[in-house]
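> Sequence and computational prediction follow.
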Amino acid sequence: MTDTAPILEAAPAKLNLYLHVTGKRPDGFHMLDSLAAFTELGDALTLEPQAGELTLTITGPFAASLVGEDPADNLVIRAARRLADTLGRRAEGRIALTKNLPVASGIGGGSADAAACLRALARLWGLPADAPVLFEVAAGLGADIPVCVVGRSRYFGGVGDQLAAAPPLPETHVVLVNPNVPVPTPAVFKARGAAPFSQPARFSQTPNDAATLADLLRARGNDLTAPALTVAPVIADVLSALEHSDGCLLARLSGSGATCFALYATATEAESAAARIRAAEPGWWAQATRLRSDDCTPG
Ligand SMILES: C[C@@](CO)(OP(=O)(O)O)[C@H](O)COP(=O)(O)OP(=O)(O)OC[C@H]1O[C@@H](n2ccc(N)nc2=O)[C@H](O)[C@@H]1O
Ligand SMILES: Nc1ncnc2c1ncn2[C@@H]1O[C@H](COP(=O)(O)OP(=O)(O)O)[C@@H](O)[C@H]1O
């Protein structure tokens with residue numbers, strides 16, 4: 001490998017703006033219908049192409065959550081190795097990950113990191129951003145990873161692997177709140193038990209502003225909320241704090257939790273809600289951000 005300039009990729013947080021569980025496969029995986037969107041806030045990954053062993057260093061506010069885990073198990077390294085093996089190439093270089101997102105929190109941080117690594121390697125090896133091999137490798141590593149490879153709002157179906165174009169989303173400000181309680185995704189699907197399934201609920205109109213987006217979402221839900229509350233009851237307090245913030249248009253759990261999000265029309269409302277929640281609950285993580293616009297390029 002000839003050494004080249006470092007490759008930077010953003011790993012934006014994923015939000016399930018709505019999430020319906022529509023069925024269950026014989027292998028136990030659930031069929032989903034979700035509108036996934038991404039925020040400007042996220043982890044950041046740098047790949048420094050270099051001959052030799054593939055290494056990963058993790059820094060940032062949530063790096064400590066991954067201390068003690070074998071780096072070989074990190075989704076970033078697993079993604080790099082899986083793509084290299086599939087292409088018959090050698091995975092090498094230094095990867096630096098800045099972990100800004102809480103771990104096991106329903107906003108797909110690990111999935112976003114793996115997807116960022118796949119995009120970085122695609123750039124290094126001259127693959128197009130929509131190369132099918134990226135999505136095949138992604139789907140083999142985790143249900144949420146294909147949509148994170150795209151990094152822009154998409155509907156997803158199947159177990160997460162069937163992506164479809166979503167309507168353009170309006171400028172929308174967001175607060176993310178996590179009570180610093182990790183919630184493992186399998187525990188939430190297990191707690192769901194034999195609850196009835198929902199119908200898919202894609203939009204029949206394009207929301208032109210944040211209030212209309214919130215209205216459309218209010219007619220939908222996150223079917224994992226009830227089971228997630230049994231795993232982490234503190235989620236009720238997080239939702240209540242967001243619902244009571246000035247300007248909150250909608251508050252909802254993302255994915256299997258415990259991170260909840262709220263939508264706002266203005267940055268001022270979102271920033272002031274995040275600041276108030278941080279002051280009231282110093283042990284929680286609360287951040288203001290906004291939805292990524294669909295025309296921005298990941299990275
Ligand atoms: C629920 C969602 C919604 O976007 O998000 P998160 O809460 O994880 O962020 C995702 O579907 C999660 O995707 P991901 O976190 O990649 O899940 P995986 O590692 O593939 O699966 C973890 C476990 O969740 C359950 N699982 C996951 C996806 C799915 N469609 N059906 C399932 O039943 C299975 O028990 C599986 O063993
Ligand atoms: N780069 C990574 N960042 C976060 N978690 C990771 C990473 N690599 C592997 N993991 C593992 O993946 C699990 C799920 O993490 P994450 O993607 O943050 O959660 P979620 O799927 O709930 O959004 C964690 O428990 C962690 O052990």
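Thanks, I have the structure now. Ligands and ions are numbered 1, 2, ... in the order given.
> what about whichever residue of the stretch 51-200 of the chain sits closest to ligand 2, which helix or strand?
Here the stretch 51-200 of the chain gets closest to ligand 2 at one residue, residue 110, 2.8 Å apart by Cβ to the nearest ligand atom. Where C-beta positions appear, they are placed from N, C-alpha and C, glycine not excepted. If you go by DSSP states H and E, residue 110 is part of helix 109-124.
> next helix or strand past that helix?
Using DSSP H and E, the helix or strand that directly follows helix 109-124 along the chain is helix 132-141.
> related to what we said a few turns ago, name the helices or strands packed onto the helix holding residue 110?
strand 7-24, strand 30-48, helix 75-87, strand 93-98, helix 132-141, helix 145-150 (3 or more Cβ pairs under 8 Å, 6 or more residues apart in numbering; DSSP states H and E).
> Those residues of this protein touching ligand 1, which are they?
16, 19, 29-30, 32, 34, 106, 108, 111, 142-145, 159-160, 185-186, 189, 255-256 (Cβ under 6 Å from any ligand atom).
> Let's see the ChimeraX selection covering just the buried ones among the residues you listed.
Listed next is the ChimeraX selection for buried residues among the residues of the chain next to ligand 1, using 16 or more other Cβ atoms under 10 Å:
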select :16,19,30,32,34,106,108,111,142,143,144,145,159,160,185,189,255,256
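> Skipping its backbone neighbours, what lies nearest the residue in the stretch 51-200 of the chain that ligand 1 sits nearest to in space?
Using Cβ to the nearest ligand atom, the closest approach of the stretch 51-200 of the chain to ligand 1 is made by residue 142 at 3.1 Å. Take residue 142 and drop its neighbours on the chain: the residue closest to it by Cβ to Cβ, 6 or more residues apart in numbering is residue 111, 5.4 Å away.
> State whether that neighbour and residue 75 are indeed in contact, as I suppose.
Yes. Shown here, residue 111 and residue 75 form a contact pair, counting by Cβ atoms under 8 Å, at 7.0 Å.
> list residues touching both of these two?
142, 145 (Cβ atoms under 8 Å, 6 or more residues apart in numbering).
> now residue 106: how far from residue 20?
15 Å (Cβ to Cβ, to the nearest Å).
> show me what contacts the residue nearest to residue 142?
Each residue near residue 111 by Cβ under 8 Å, 6+ apart is listed here: 14, 75, 142, 144, 145, 148.
> ok, which pair from these is furthest apart?
14 and 75 (13.4 Å; Cβ to Cβ).
> Compare these two (neighbour count), which wins?
Each of residue 14 and residue 75 has its neighbours counted (other Cβ atoms under 10 Å); residue 14 has more, 27 against 19.
> I figured the more buried one was touching residue 259, is that so?
No. Residue 14 is beyond contact range of residue 259, at 10.1 Å (criterion: Cβ under 8 Å).
> Which residues are in contact with each of these two?
Common contacts of residue 14 and residue 259 (Cβ under 8 Å, 6+ apart): residue 107.
> quick one: average confidence on stretch 15-24?
For stretch 15-24, mean pLDDT rounds to 98.
> do it and ligand 2 meet?
No. Using Cβ under 6 Å from any ligand atom, stretch 15-24 never reaches ligand 2; the gap is at least 9.7 Å.
> Name the residues of that stretch that are buried.
For stretch 15-24, a neighbour-count test (16+ other Cβ under 10 Å) marks 15, 16, 17, 18, 19, 20, 21, 22 as buried.
> I figured the third one hits residue 35, correct?
Yes. Applying Cβ under 8 Å, one finds residue 17 in contact with residue 35, separated by 4.4 Å.
> what's the span of stretch 23-39 from first residue to last?
End-to-end distance for stretch 23-39: 28 Å, by Cα to Cα, to the nearest Å.
> And the contacts of that stretch?
For stretch 23-39, contacts defined as Cβ under 8 Å, 6+ apart pick out 12-22, 143, 147, 151-160, 166, 169, 174, 176, 189, 192, 197-203, 289-292.
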